[in-house]
Structures are given as C-alpha cells and as structure tokens.
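In: take this sequence and fold it.
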Amino acid sequence: MAYYHGIKTSEKASSVVTPAEVAVGITFAVGTAPVYMGEGAVNSLVFANSYAEAVAQLGYSDDWDSFSLCEVMKTHFALYGVSPVVFVNVLDPATHKTAVTSAEFTLVDGRAELPDTAIKSSLEVKATSSGDTLIEGTDYTAFYDGGKLIIEKLSGGAITGSTVYIGYDKADISKVNSDDVIGGIDISTGAKKGLELVNSVFSKYGIVPELIIAPGFSDDSAVAAVMQAKANSICGLFKGKAIIDADCKTIKKYSDVYGWKSDKNISGENQILCWPMVSLGGVKYHLSSHIAALMAQVDSDNGGIPSESPSNKAVQADSTVLADGTEVIMELSDANVLNSRGIVTAMNFNGRFALWGNETACFPASTDVKDYFIPVNRMFGYVAQSLILTFWSRLDSKMSRRLIDSVVDTVNIWLNGLKTAEHLLGGRIEFISDENPTTDLMAGKLKFHLYITPPSPAKEMEFTLEYDADYVSEALGG
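Out: This is a model prediction of the structure:
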C-alpha cells in the first residue's frame, strides 16, 4: 500500500434508491388523419405535446367522421388541456384514395376551391380541357385553408381566363378498414403498423402509453379484441387500458348495450366500455376520446397518480347523442343500469354534465375489486410499472443480502409516501423465505411480495333520516 499521511473521504452508493417517476394517463390513439396536409406520417409514431405540433405533422379537418384523430386532437389539447398524446395514422394517401375526373372550375377573385379531402400532390391543373398541365409555383399556388384546398392563379402565369380545369385524387376513408387499424408486422420489412406500434412507444420515447383508443373503429369486435390484447401486455411488461366505444349506430337504447357487449365478448379487466357519444355545441364526439382526456386530467390533479376515479368528474359536453345526432337523455336510473353491467356513460345531473361509472368491462362477472374498479385496477398497474422502471438498473447486479434489503427499504419508504398522500390505504413489501427456495436463489431468481390497498371510489352513500319527537318538547315545551 502506498504511503499516505492525512485525511481521506469516499462515497458509497445509497442503499435506498429514488423511485422512478412514472407518467400515467398517456393516450395512444390509432385512426385516420389528413396527413397529406402535413408531413405525411403513415403508420408512424407521432408524438405531440400541443395542438400545433399535431396539426403540423398530421394535418387537420373538421370532418371527424373521415379523420378520427382530429377529434382526439380537439379533446385532449383544446377541451381538457392534457398532453402528450401519441398518434398513429393509418390513412395512406397513396392507396386510400379515389380519382376525381377533371372538371371546369370558375375562378372567383382568382381562386378555385376544392374540398379538404383533395390531395394536393395529385393536382392536375389546366387552363383548358385539352391544354398542358400547369406548374405549381409558376402558374398557380395551392394551399389548405378553412376546410378547403385553394388553387390560386399567379400573376404572369398561364392562367389568363376565368376558368380552369382541375383533376385530383381525394382521400377515401371508405377504403380504410379494421385490418388497417389492427395493423401488424410487415413480413418483408419488419415494419410495424397500426395498434402494433404501441410496443414501440417506450423504446422510442421512454414513456409507457396507458390509454389505448381508436374512436370510430373500436366498436369493431376485432379491433376491440386487439386493443385488449395490447392493453394486457405493453412491451410484455406493462398494463394499459383499452377504452372502447359501443356501437352508437345500431344501438338506440341503453337497455340494448349489455347484449351488444356480451355478443362482442367485451369482458376484460383492462377494457373500459362506454356508450353513447357526447356532443358539445352540436359537435359530436366519441365518448372514448373524452374519457381518455378526462382520466389524464384527473391524474394530473392528483400529482400524476391514478388513484381517483374519473366518474362524476365534469365532461366537456352538453348532451349525450347517437351517431346520427339524436339526443339520448340519460336518467340516473338508466345510467346505473349501464354501470351495473360494466359500462361507463355520461349524464347531466343537477346542471352538471359528468362521466358516470367506476367499473371496467369485466364487471359484474368479476368480483375481484382489483380488477373491476377502474382506479384500483390502474393503481396496481401504476405500482407495477414503477417497480419495473425503478429496479431495472439493478438487474444482473450481484445477488446479495444488501441488494434484497435495498429493494425492501426503497419500496417500503415509497409505499409509506403513497399512504401519507392517500393514494394507498396501506402497503408493504416482504421478502418471504418460503417464496424463495434455494434452487431459485442459485438460479438468480428473487421474488418479492407486495401487499397494497388502493382506496375504492365512494360510489354509494346512504343517509338515514328519522323524525325525533323529543325535539318538539324541547322547542315548544314550557
């Protein structure tokens, strides 16, 4: 040992580590968008923290029947102010299109207008029906504005008259089907598509998407089944929630929703089924997009922890409607019938429009509170995700008593904090000898046992009123 005379200091790694911060309530939305207006992302992950970011990448249209992801932009960024959102557009302008035959257009103030389904890159503009195709930037300019594709003649260009002939391709939503939303993996390239991309979010952005929605498509039983499968195992590690819309085209009465649910086999603990749609100012929305945004908002109000139910929280809507816009007046008794069958709805009570329902789709078949109460179920997922992300860096380190004690101490301190903040009623972790036989320890396997009790939603209160005659004599006696 080298000679030394003086004082030395050194540092030792802390036995208690800081738990990883877990983002919850992040929406993963699959659907259609007018990407030909933006940067043209097809079957790619689009991460957006704001409305402007989403529009720049995906384009925007008020035609939500054709472009479902625009509805998600509006609910999350404009109505509820929550972010981020991860989008996947499955509308491919190269294939999901229909040709529109060239026709004569009259220029008004030098402009002609086409619908916003017109794909700008496909334009064929001519000064006469038999003339040469004109050049954008030289003879005319084209841009989207106010729900229209505007073609404007340029000074000095070849357009001299008051008419032009325009042919183009238009986006055709009828060519997008459930298979496009379900997606999969391209055998030749290995590229992922549609819902399959949910597993790529964590690898690319370091966040776990929890709330999977596909408004306009999730009422398809095949899509709903894949959404459930993905929610059950994101990246093979994490749990999410598939928020599914019951069919609002064919189901006209609340009493028919449960039959539809049974027929479609929607009964998973990681599925949230909702009916009907909602409307705000005459604009229709799928309830799934509101539920996802509202859950993220409630989580944010609770410090980013999903311990509170979204039920009885204000929804940015003023009525419940069917797909054709017919109003459905949900009375309390009607809404409770839906809730008793594991279906979430919305209703107006005492002048306040709110979400109504605490149960996942596995209710009433499941009697396990861990599975059927939405906030309890989500808290189990939150704790599991936190454990995975916190201790992943400890994998493959030396198995020792110090490692075991470090895990136990860290988790117990963290659980006590959640209890103090009332996100848990109680919780603890134990390393139980009987669950860790010597053969498992020799093979490098450690098993920890957590006991946690998230608070259930207070879904029922009862007040008993009784007439007490003694107060008569007290108030009126001599």
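
In: what mean pLDDT does the longest helix that the chain contains have?
Out: For the chain, the helix that runs over the most residues, judged by DSSP state H, is helix 401-420. Mean pLDDT, computed over helix 401-420, is 96.

In: helices or strands up against that helix?
Out: helix 374-391, strand 426-430, strand 449-453 (3 or more Cβ pairs under 8 Å, 6 or more residues apart in numbering; DSSP states H and E). Backbone N, C-alpha and C define where each C-beta goes, glycine included.

In: and these, which is most packed in?
Out: Of all these, helix 374-391 has the most neighbours on average by mean count of other Cβ atoms under 10 Å, namely a mean of 21.

In: can you show me the CA trace of it as PDB?
Out: In PDB, the C-alpha atoms belonging to helix 374-391 read as follows (Å, rounded to 0.1, in the frame of the first residue of the first chain):
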ATOM      1  CA  ILE A 374     -61.100   1.500 -12.500                       C
ATOM      2  CA  PRO A 375     -58.800   3.400 -10.100                       C
ATOM      3  CA  VAL A 376     -57.900   0.300  -8.100                       C
ATOM      4  CA  ASN A 377     -57.000  -1.500 -11.300                       C
ATOM      5  CA  ARG A 378     -55.000   1.400 -12.500                       C
ATOM      6  CA  MET A 379     -53.100   1.800  -9.200                       C
ATOM      7  CA  PHE A 380     -51.900  -1.800  -9.500                       C
ATOM      8  CA  GLY A 381     -50.600  -1.100 -12.900                       C
ATOM      9  CA  TYR A 382     -49.000   2.100 -11.700                       C
ATOM     10  CA  VAL A 383     -47.200   0.400  -8.800                       C
ATOM     11  CA  ALA A 384     -46.100  -2.500 -11.100                       C
ATOM     12  CA  GLN A 385     -44.700   0.000 -13.700                       C
ATOM     13  CA  SER A 386     -42.900   2.000 -11.100                       C
ATOM     14  CA  LEU A 387     -41.200  -1.100  -9.700                       C
ATOM     15  CA  ILE A 388     -40.100  -2.200 -13.200                       C
ATOM     16  CA  LEU A 389     -38.600   1.100 -14.100                       C
ATOM     17  CA  THR A 390     -37.100   1.700 -10.600                       C
ATOM     18  CA  PHE A 391     -35.200  -1.600 -10.300                       C
END
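
In: which residues in the stretch 151-300 of the chain form helices?
Out: Using DSSP state H, counting those that start in this stretch, the helices of the stretch 151-300 of the chain run over residues 178-182, 200-205, 221-232, 257-263, 287-301.

In: hmm, back to that, present the helices and strands packed on helix 401-420 as JSON lines; the columns should include distance to residue 117 and mean pLDDT.
Out: Formatted as JSON lines, the helices and strands packed on helix 401-420 follow (distance: least, Cβ to Cβ, whole Å; pLDDT from 0 to 100):
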{"stretch": "helix 374-391", "distance to residue 117": "38", "mean pLDDT": "96"}
{"stretch": "strand 426-430", "distance to residue 117": "53", "mean pLDDT": "97"}
{"stretch": "strand 449-453", "distance to residue 117": "51", "mean pLDDT": "96"}
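
In: which one of the ones you listed lies closest to residue 352?
Out: Residue 352 lies closest to helix 374-391 among these, at 20.1 Å (Cβ to Cβ).

In: who are the packing partners of that closest one?
Out: Taking 3+ Cβ pairs under 8 Å, 6+ apart as contact, the helices and strands that helix 374-391 lies on are strand 241-245, helix 369-372, helix 401-420, strand 449-453.

In: what packs against the shortest one?
Out: Going back to what we said before, that points to helix 369-372. If you count contacts as 3+ Cβ pairs under 8 Å, 6+ apart, helix 369-372 packs onto helix 374-391.

In: pull the distance from the helix it packs on to the chain's centre.
Out: Its chain's C-alpha centre and that of helix 374-391 lie 17 Å apart, by Cα atoms, centre = their mean, to the nearest Å.

In: and if you look at stretch 52-66?
Out: So, by Cα atoms, centre = their mean, the centroid of stretch 52-66 is 16 Å from its chain's centroid.

In: thinking again about what came up before, got the helices and strands packed on helix 401-420 as a markdown table, with distance to residue 95 columns?
Out: As requested, the helices and strands packed on helix 401-420 are exported to a markdown table (distance: least, Cβ to Cβ, whole Å):
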| stretch | distance to residue 95 |
| --- | --- |
| helix 374-391 | 37 |
| strand 426-430 | 51 |
| strand 449-453 | 48 |
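
In: which one of those lies closest to residue 187?
Out: Evaluated with Cβ to Cβ, those place helix 374-391 nearest to residue 187, the distance being 30.8 Å.

In: the longest helix of the chain versus strand 426-430: what angle between them?
Out: Here the directions of helix 401-420 and strand 426-430 differ by 170 degrees (axes from the mean of the first three to the mean of the last three Cα atoms, to 10 degrees).

In: who's in contact with helix 401-420?
Out: With contact meaning Cβ atoms under 8 Å, 6 or more residues apart in numbering, helix 401-420 is reached by 15-17, 19, 305, 386-387, 390-391, 394, 397, 424-431, 446, 448, 450, 452.

In: buried residues, that helix. List them.
Out: 406, 407, 408, 410, 411, 412, 414, 415, 418, 419 (16 or more other Cβ atoms under 10 Å).

In: from those, pick the one nearest residue 97.
Out: residue 418 (51.7 Å).

In: residue 335 falls within a helix, correct?
Out: Yes - using DSSP: H, G, I helix; E, B strand; the rest coil, the assignment for residue 335 is a helix.

In: can you report how many residues neighbour residue 436?
Out: Neighbour count of residue 436, defined by other Cβ atoms under 10 Å: 16.

In: and for residue 463?
Out: Taking other Cβ under 10 Å as the criterion, the count of residues near residue 463 is 4.

In: for residue 217, see how far away it is.
Out: 44 Å (Cβ to Cβ, to the nearest Å).

In: turn the helices of the stretch 151-300 of the chain into TSV, including mean pLDDT, distance to residue 347 and mean neighbour count.
Out: Output for the helices of the stretch 151-300 of the chain, formatted as TSV (pLDDT from 0 to 100; distance: least, Cβ to Cβ, whole Å; neighbours: other Cβ atoms under 10 Å):
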stretch	mean pLDDT	distance to residue 347	mean neighbour count
helix 178-182	97	29	20
helix 200-205	95	34	14
helix 221-232	97	24	21
helix 257-263	96	14	16
helix 287-301	97	12	25
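
In: need those in JSON lines (columns: distance to residue 38).
Out: Formatted as JSON lines, the helices of the stretch 151-300 of the chain follow (distance: least, Cβ to Cβ, whole Å):
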{"stretch": "helix 178-182", "distance to residue 38": "19"}
{"stretch": "helix 200-205", "distance to residue 38": "19"}
{"stretch": "helix 221-232", "distance to residue 38": "24"}
{"stretch": "helix 257-263", "distance to residue 38": "36"}
{"stretch": "helix 287-301", "distance to residue 38": "20"}
